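Colleague: only geometry, no sequence info:
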């Protein structure tokens, strides 16, 4: 059996008489024909967009949102300043929360890496860790 449109050989059980590529083209044409001339106005598109914002969106997770998506959400709402909000010297790289992990934008700030690590207390940990490792390495090496 051969395809009605392109002449490729197809299986005997094929009811449409079209090969896969021709039948998918026909389906796409039919869908476009059905939707032809039915464009939504800008106002209607805006009403649909507003109706699905925040809590009305079926994918909204509320306060059970993950860390990465919460940071993405906050980044889209707080503009990145030219300088760090703490030291006002270096461009900021990190969006840091001030202790409370939520959607309240007052609890977030843009910080450079050094200020972020200082506020989190990671600089002290890093310094103590590196000095402890140096002591351990010396003890291993020199007995």
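Modeller: Everything's here; your move. Quick caveat: nothing in here was measured; it's all calculated off a predicted structure. Numbers count the residues shown, from 1 in each chain.
Colleague: Direction included, what does the helix or strand containing residue 95 pair up with?
Modeller: According to DSSP states H and E, residue 95 maps onto strand 94-97. The partner list of strand 94-97 in its sheet, established with DSSP bridges, is strand 108-111 (antiparallel).
Colleague: For the partner strand, the averaged confidence score.
Modeller: Regarding strand 108-111, the rounded mean pLDDT is 95.
Colleague: Identify the residues contacting it?
Modeller: In this structure, residues lying in contact with strand 108-111 by Cβ atoms under 8 Å, 6 or more residues apart in numbering are 74, 78, 80-81, 84-86, 92-98, 119. C-beta here means a position set from N, CA and C on the backbone, and glycine is covered the same way.
Colleague: What subset of those is buried?
Modeller: 74, 84, 86, 92, 94-96, 119 (16 or more other Cβ atoms under 10 Å).
Colleague: quick one: low-confidence ranges for this protein?
Modeller: 34-37, 130-143 (pLDDT under 70).
Colleague: Which stretches in it count as helices?
Modeller: Ranges of helices in the chain, per DSSP state H, are 20-35, 42-51, 67-75, 113-120, 122-142.
Colleague: just those helices: most buried one?
Modeller: helix 113-120 (a mean of 17; mean count of other Cβ atoms under 10 Å).
Colleague: Show me what it is packed up against.
Modeller: Using 3 or more Cβ pairs under 8 Å, 6 or more residues apart in numbering; DSSP states H and E as the contact test, the elements touching helix 113-120 are strand 94-97, helix 122-142.
Colleague: 10 Å instead, please
Modeller: strand 94-97, strand 108-111, helix 122-142 (3 or more Cβ pairs under 10 Å, 6 or more residues apart in numbering; DSSP states H and E).
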